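Asks: dropping the sequence and predicted coords here.
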Amino acid sequence: MRGLDRLLRLVGAALLTIFVAITINFVIFRAAPGDAVSNISAIPRASAQEKLALRHEFGLDKSLGEQYLLYLKQLAHGNLGESFSSRESVSHVLVRAIGNTIPMVLLGTAIAIALGVALGVFAAYRHGSAGDHVGVGAALALYALPTQWVGLMLIVLFAGVLPTGGMQDEFLIEPGFWSHAQDVARHMVLPALTLGVGLLGQFALITRSSMLDVMGEDYVLTARAKGLGRRRALTRHALRNATLPLVNLIALSLGTIVAGAVLVETVFSWPGIGRVVYTAVSTRDYPVLQGAFLVLTVSVICCNLIADLVVLRLDPRVRA
Amino acid sequence: MSFDLVTRPHASLGGPASMRARALARVRRRPAALLGGLIVAGFVLVAIAAPLLTAHGPGTRVGPPFAPPSAAHPLGLDDGGVDVLSQLIWGARVSLLIGFAAAAVSMLVGGSLGLLSGYFGGVVDTVLARVIDYFLVVPVLPLMIVVAAIWGPSVLHIIVIVGLLLWTTTARVVRAQVQSVRERGYVRRAEAIGAGHARIVVRHVLPQVGPLLIANTVLTVGVAIFAETALAFLGLGDPSAASWGAMIEAAFSGSAISAGAWWAIVPPGLCVAAVIIGCSLVGVSVEDALNPRLATSHLSRRTFRLIRDADD
């Protein structure tokens, strides 16, 4: 029953972290100098009464404890408040945006994992040789370049060949399903590629170091000693055992993926959650910013939980 | 690039002084560490000597917007007609200041909390473990964005925000290392002959943790500079301080791309990358030298140089 025990503990820890995140999210925004209403830039010369009315409307005139309970209650109903600038429901804005973000991020991450793991395994296999140095150098260079800069460079290189902004061609009138899908796919290439390039180097470095770690283990020596070829020992014995730390470490870089998405969506005006964050920052739209931050945090916590569960499933030592 | 250092599994250190000497010797033998050190030192020198190297102060207009590179302005002019090269040199000051100061904040906070919780354990350790767990999963950039948006943009705020959001990586590494050093025989013996906590920490624990802490801090410098470029790009940088991040942002919002002014975009990105590569080379070399497990690899060619491989 060890597996079940672990599973319950993981889920419990995730729920606790989500609760902490919700509370911190409340505290940060209440700790703002002046409350949100005094920061609404849309009404520069609001009268005292108007401000009071707004304060009442957003519940800012209640005590902190009351506000916290109200916030939890609203949250339990899936209500994240409404946008200061557009008065639209925050959850609607976020749901629409997430739907646009997910395919782009998945494609970018897939590119990064495929190329990054291949590069990392190659460098580890050639440990200490010229191939290793070139591989590590390339990975380090990609790791070091600011994501937003990579995006700008790709725009410079591919402007005219591929669309560099937005998610669809605004001038396509009532496109059919296929031409629409094709259009979106074309728009997705550069953002996803930028995200992939931004993450690739990190994944390659992580893969290389966990491969090197595994390659020093005695069972790899045993595999070689019993006559397995280097390549077979690599794929069957080293790579399989490096998978566990890899899943863990890639899960830990989810925060990086989110950061990359925010920057990429800003560069390419991709109408996803990152762009929502950017717009909310520039208009000081706190409810939207708060909601977006909560959604991002909770999704990273959930993805981490899923990664933990995958490890639980993959690791025979835990499953027994 | 990430907002978390590239995490690598750590093997623990062996015996006391001799082991450290050997590790240091290994760092010195690494050309990568030397190269990284030279890169960072070069940028630091340029930043310090900025007034000597530039003809104009930061942000001085010297010609038409996006004038291409010429003999007088080898990297051309940006969207405000400012010489890109001198702006780059002034930007080194801001970016490096933010990088080093934020890393120092994170070293102080992360180092001391990691030391405390690793050494004493107990309640401090339990609380710290929870906090580290939280920061491990929370997406750091959005958190920085939120705090920076609320707190308002200034260089000092950015230093504090970045430093205070990056310390958990350091604390995690230091804590694990201290926990393992604490159980060593010589620490136990020092305790048995009556050494106080302060003496044990200063004489026996810190010297073992020091190199790792420094490696981690050097890596954090790069991460902090990277974080600053991201914040600046999202419009949360200090408007009065032209960092490299602000230059990239200006190139983006000033539509350098549609003007075809690649000279305004390329240099700041390459500078950021160069500093981060330099920091990573130093930090990772120190970490590698401290990790004896990486020296053994049963699949590398060297181990089996004498044997003809059947599959090669």
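Replies: Looks like it came in fine. Just so we're clear, the structure is a prediction, and the values are computed from it rather than from any experiment. Numbering: from 1, shown residues only, chains lettered A, B, ... in the order given.
Asks: which stretches of chain B have low pLDDT?
Replies: Applying pLDDT under 70 to chain B flags residues B:1-29, B:291-312.
Asks: which helix in it runs the most residues?
Replies: Longest helix in chain B by number of residues (criterion: DSSP state H): helix B:84-120.
Asks: what sits against B:Val275?
Replies: B:Ile39, B:Val40, B:Phe43, B:Ser95, B:Leu96, B:Gly99, B:Val221, B:Gly222, B:Ile225 (CB atoms under 8 Å, 6 or more residues apart in numbering or on different chains). No exception for glycine: its C-beta is placed from N, CA and C like everyone else's.
Asks: can I get those residues in a markdown table with neighbour count and distance to chain A?
Replies: Formatted as a markdown table, the contacts of B:Val275 follow (neighbours: other CB atoms under 10 Å in any protein chain shown; distance: CB to the nearest CB, whole Å):
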| residue | neighbour count | distance to chain A |
| --- | --- | --- |
| B:Ile39 | 18 | 11 |
| B:Val40 | 24 | 12 |
| B:Phe43 | 19 | 13 |
| B:Ser95 | 30 | 11 |
| B:Leu96 | 22 | 15 |
| B:Gly99 | 28 | 13 |
| B:Val221 | 27 | 12 |
| B:Gly222 | 27 | 7 |
| B:Ile225 | 31 | 9 |
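Asks: now the residues you listed in CSV, with distance to A:Leu15?
Replies: Conversion of the contacts of B:Val275 to CSV gives the following (distance: CB to CB, whole Å):
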residue, distance to A:Leu15
B:Ile39, 45
B:Val40, 43
B:Phe43, 46
B:Ser95, 40
B:Leu96, 42
B:Gly99, 37
B:Val221, 36
B:Gly222, 35
B:Ile225, 36
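Asks: in the longest helix of chain B, what's buried?
Replies: Within helix B:84-120, the residues that count as buried by 16 or more other CB atoms under 10 Å in any protein chain shown are B:84-107, B:109-111, B:113-119.
Asks: list the contacts of the residue nearest to A:Glu82 when sequence neighbours are not counted.
Replies: Excluding the flanking residues, the one nearest A:Glu82 by CB to CB, 6 or more residues apart in numbering or on different chains is A:Ser89, at 5.5 Å. A:Ser89 is in contact with A:Asn79, A:Leu80, A:Glu82, A:Ser83, counting by CB under 8 Å, 6+ apart.
Asks: pick the one among those closest to A:Ser179.
Replies: A:Ser83 (32.4 Å; CB to CB).
Asks: now do the contacts for the closest one.
Replies: So A:Ser83 contacts A:Ser89, A:Val90, A:Val93, A:Asp285, A:Pro287, A:Val288 (CB under 8 Å, 6+ apart).
Asks: max pairwise distance over those: which two?
Replies: Counting by CB to CB, the most remote pair of those is A:Ser89 and A:Asp285, 13.0 Å apart.
Asks: run a quick neighbour tally on B:Ser70.
Replies: B:Ser70 has 11 neighbours, counted by other CB atoms under 10 Å in any protein chain shown.
Asks: and the next element down the chain from the longest helix of chain B?
Replies: For helix B:84-120, the following helix or strand on the C-terminal side (DSSP states H and E) is helix B:122-137.
Asks: give the other helices and strands that that following helix contacts.
Replies: helix A:2-30, helix A:286-314, helix B:84-120, helix B:155-182 (3 or more CB pairs under 8 Å, 6 or more residues apart in numbering or on different chains; DSSP states H and E).
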